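1. Everything below, folded, please.
(2 chains)
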Amino acid sequence: MPAPKQVNALTEHLFRQEAGKLVAVLTRLFGPGYIQLAEDIVQDTLLAATLDWTSGSIPDNPAAWITQVAKRKALNELRRLQTVRKHQDDLTLGQGVTSTEVETIFMDSEIRDSQLRMIFTCCHPALALESQIALTLKTLCGFSVPEVSRALLSSEITINKRLYRAKQKIRNQSIPFDIPSGSDLDIRLNAVCLTLYLLFNEGYNSTHHEVLIRKSLCAEAMRLTRLLTQHFDHRPELQALLALMCFHAARFESRLDRHGAIVIFEEQNRNLWDQQLIATGMSCLKKATTGNLLTSYHLEAGIAAEHCTAPDFASTNWPSIYNQYERLYQLKPSAIIQLNLAIVYSQISTTQDAILRLEQLLHDKALENYYLLPATLGSLYFKTNQRMKAQFYFKKARELTLAQSAIDFFDRQIAACQS
Amino acid sequence: MREFLFILKGDGLEHLSPQEMQQVIQDYKAWMTNLGDQYLDGQRLENKGAQVKDKNTIVTDGPFLEAKEIIAGFYVIMAPDQDAANAIAQSSPHAGLYTIEVRPLAQPTMRKP
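-> Residues are numbered from 1 along each chain as shown, chains lettered A, B, ... in the order given. Below you'll find the model as predicted:
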């Protein structure tokens, strides 16, 4: 009689991470037109693992087990399709792959390379930005379609369509599966940075109510950015982007209290900030400023660094932050940056002056539905004890947000105005 | 104490995400640890196989049944009675993903309780 079996533990997110790795490896094997096939084989492999490990024991090296099974399934598929190809001339799948090449592709050192190729393919400028994000989550981060749709607050049908179209485009336009070089690299890396930046923001700034999902979006964006910095260690924009992510992620925990309610920046417990991440961010920022390149990521990281290194809210270096926002506005003029400029302005000038500046922004079409504008006005009016006006703006902000934590926050502010 | 055979039917796992599959394994680990000596055996069945209908008809290489009829695997569990066995099945990570048939083994136990 078998004794209750000893069960090995699985590292957190093992399946998700292995899925991301293997889809990249198999796509390299089959060619970029066959992402779907790669995904199917990986899903099939993980299914086998789940079934085996819930009726037997978990092997000593679960990741190696998964890789072995995926490889076997992929080789079987290649053989099967090579037989079919004899009758179909247009089939380009895995053409000319020798068995030595297959062995090489599955080596640890090559897996990172495949993932990098996958990043460049998923973030190819020929694809729509929203498709790039969805495809990255699906293929590189091991999210399922329902998970992608939950993460991006979209319907499964929409995400499915987006993914389908993106894969079609990769296939039809023969989007390459490689790591670009030369002048091509600059353009392609720009596209990759933007996608990862948006992916991170999706987790960090979205009105999503599920903290777990938001955290894993940020973690995935950071993981992929780190992967890129390991390969391109001399690219300042990547270091700046990673620095920016580190500084924001360091403050993740302090932004919500124990009950999931929003804590405003001024009142955040700075002891909760992750000092190690801040230190990593600082060292990335240092590497980022070695060249002449100045990107918006540099400035955003610089601003976040000022916040992270200030011992308390009052001693924040506001003039430096204001200055960096002004340069950021020159790089990418947007109403949101104007709003931030006005907020920072309230720290270095009188509250009344800042209110005037903000009220001018009320007519800006781009900020019409942006809840942070009335929210800021509300809190400034509250500060100067003009409670009627404060209440008016808090109510307006409340109407513009969908996130429960934000709604609760504004309800508390409205109640405070009435007391 | 009696032995019960849990027969798992369906294709419940197939539509889970990698993260959710891993969760099933982790829940299973907790479930089994909890059961201790009451857990006797378990096996997954391969998808392939044959169905012998009568002396002249053999259907090989499935899928030869409807998805919800496919037997994915089984467990042998020791429990005081049917109700207790049902409760164990309901507490398993497979409940909800598979239909679980809980059937007492007729023959006296061959294993020591």
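2. quick check: mean pLDDT across the helix or strand encompassing A:A305?
-> Using DSSP states H and E, A:A305 falls within helix A:296-309. Across helix A:296-309, the average pLDDT comes to 93.
3. Which other helices and strands does it contact?
-> helix A:236-250, helix A:275-288, helix A:318-331 (3 or more Cβ pairs under 8 Å, 6 or more residues apart in numbering or on different chains; DSSP states H and E). Where C-beta positions appear, they are placed from N, C-alpha and C, glycine not excepted.
4. The spatially closest residue to A:T384 that is not a sequence neighbour: neighbouring residues, count only.
-> Excluding its sequence neighbours, the residue lying closest to A:T384 (Cβ to Cβ, 6 or more residues apart in numbering or on different chains) is A:T351, at 5.2 Å. Residues contacting A:T351 under the criterion other Cβ atoms under 10 Å in any protein chain shown number 16.
5. show me what contacts A:T351?
-> A:L380, A:K383, A:T384 (Cβ atoms under 8 Å, 6 or more residues apart in numbering or on different chains).
6. Let's see if you can find the most crowded of the residues you listed.
-> A:L380 (21 neighbours).
7. from the chain's centre, how far out does the helix or strand harbouring it sit?
-> For A:L380, the host element (DSSP H and E) is helix A:372-383. Averaged C-alpha coordinates place helix A:372-383 at 29 Å from its chain's average position (Cα atoms, centre = their mean, to the nearest Å).
8. which helices and strands sit right next to that helix?
-> Using 3+ Cβ pairs under 8 Å, 6+ apart, the elements in contact with helix A:372-383 are helix A:335-348, helix A:351-361, helix A:387-400, helix A:404-418.
9. Which helix or strand in the chain has the lowest average pLDDT?
-> Since no chain was named, I'll use chain A. In chain A, no helix or strand scores lower on mean pLDDT, DSSP states H and E than helix A:99-105, which sits at a mean of 79.
10. Please refer instead to chain B.
-> In chain B, the helix or strand scored least confidently by mean pLDDT, DSSP H and E is strand B:58-60, which has a mean of 66.
11. which residues sit against the helix or strand following that one?
-> Sequence order places strand B:71-79 as the next helix or strand after strand B:58-60, per DSSP H and E. The contact list for strand B:71-79 (Cβ under 8 Å, 6+ apart) reads A:51, A:54-55, B:1-13, B:35, B:37-45, B:85, B:88-89, B:92, B:98, B:105, B:111, B:113.
12. Could you rerun that using 7 Å?
-> When contacts are defined by Cβ atoms under 7 Å, 6 or more residues apart in numbering or on different chains, strand B:71-79 is touched by residues A:51, A:55, B:1-10, B:35, B:38-45, B:85, B:88, B:98, B:113.
13. are any of those buried, and which?
-> Among these, those classed as buried by 16 or more other Cβ atoms under 10 Å in any protein chain shown are A:51, A:55, B:2-10, B:35, B:38-40, B:42, B:44, B:85, B:88, B:98.
14. measure the residue nearest to A:T384 to chain B for me?
-> 47 Å (Cβ to the nearest Cβ, to the nearest Å).
15. Does anything pack onto the helix or strand harbouring A:Y164? Which helices or strands?
-> For A:Y164, the host element (DSSP H and E) is helix A:156-172. Judged by 3 or more Cβ pairs under 7 Å, 6 or more residues apart in numbering or on different chains; DSSP states H and E, the packing partners of helix A:156-172 are helix A:35-53, helix A:129-135, helix A:145-151.
16. Would you mind putting the CA coordinates of the first one into PDB?
-> It refers to helix A:35-53. Only the C-alpha atoms of helix A:35-53 are listed here, as PDB (Å, rounded to 0.1, in the frame of the first residue of the first chain):
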ATOM      1  CA  ILE A  35       2.000  31.200 -32.000                       C
ATOM      2  CA  GLN A  36      -1.400  29.500 -31.600                       C
ATOM      3  CA  LEU A  37       0.100  26.000 -32.100                       C
ATOM      4  CA  ALA A  38       2.800  26.800 -29.600                       C
ATOM      5  CA  GLU A  39       0.200  28.000 -27.100                       C
ATOM      6  CA  ASP A  40      -1.900  24.800 -27.600                       C
ATOM      7  CA  ILE A  41       1.100  22.600 -27.000                       C
ATOM      8  CA  VAL A  42       2.000  24.400 -23.800                       C
ATOM      9  CA  GLN A  43      -1.600  24.300 -22.500                       C
ATOM     10  CA  ASP A  44      -1.700  20.600 -23.300                       C
ATOM     11  CA  THR A  45       1.600  20.100 -21.400                       C
ATOM     12  CA  LEU A  46       0.400  21.900 -18.300                       C
ATOM     13  CA  LEU A  47      -2.800  20.000 -18.400                       C
ATOM     14  CA  ALA A  48      -0.800  16.700 -18.300                       C
ATOM     15  CA  ALA A  49       1.300  18.100 -15.400                       C
ATOM     16  CA  THR A  50      -1.800  19.000 -13.500                       C
ATOM     17  CA  LEU A  51      -3.400  15.600 -14.100                       C
ATOM     18  CA  ASP A  52      -0.200  13.700 -13.300                       C
ATOM     19  CA  TRP A  53       0.600  15.600 -10.200                       C
END
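17. so that helix versus strand B:71-79, what angle?
-> Angle of helix A:35-53 versus strand B:71-79, following axes from the mean of the first three to the mean of the last three Cα atoms, to 10 degrees, is 20 degrees.
18. so does the next helix or strand after helix A:35-53 get close to chain B?
-> For helix A:35-53, the succeeding helix or strand toward the C-terminus, using DSSP H and E, is helix A:62-85. No. Taking Cβ under 7 Å from any Cβ of the partner chain as the criterion, helix A:62-85 and chain B are apart, separated by no less than 9.1 Å.
19. what mean pLDDT does helix A:62-85 have?
-> Averaging pLDDT along helix A:62-85 yields 88.
20. how far out from the middle of the chain is the helix or strand harbouring A:V192?
-> Element membership of A:V192 [criterion: DSSP H and E] is helix A:182-205. Counting by Cα atoms, centre = their mean, helix A:182-205 is centred 10 Å from the centre of its parent chain.
21. Need the mean per-residue confidence for that helix.
-> Averaging pLDDT residue by residue across helix A:182-205 gives 89.
22. returning to that earlier point: want to try TSV for the helices and strands packed on helix A:156-172, with mean pLDDT and distance to chain B as columns?
-> Formatted as TSV, the helices and strands packed on helix A:156-172 follow (pLDDT from 0 to 100; distance: least, Cβ to the nearest Cβ, whole Å):
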stretch	mean pLDDT	distance to chain B
helix A:35-53	92	4
helix A:129-135	92	14
helix A:145-151	87	5
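23. mind putting those helices in TSV, distance to A:L402 included?
-> Below are the helices and strands packed on helix A:156-172 laid out as TSV (distance: least, Cβ to Cβ, whole Å):
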stretch	distance to A:L402
helix A:35-53	32
helix A:129-135	19
helix A:145-151	15
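24. how far is stretch A:105-121 from where the chain is centred?
-> Per Cα atoms, centre = their mean, the centroid offset for stretch A:105-121 relative to its chain is 19 Å.
25. Okay then, goodbye and thanks.
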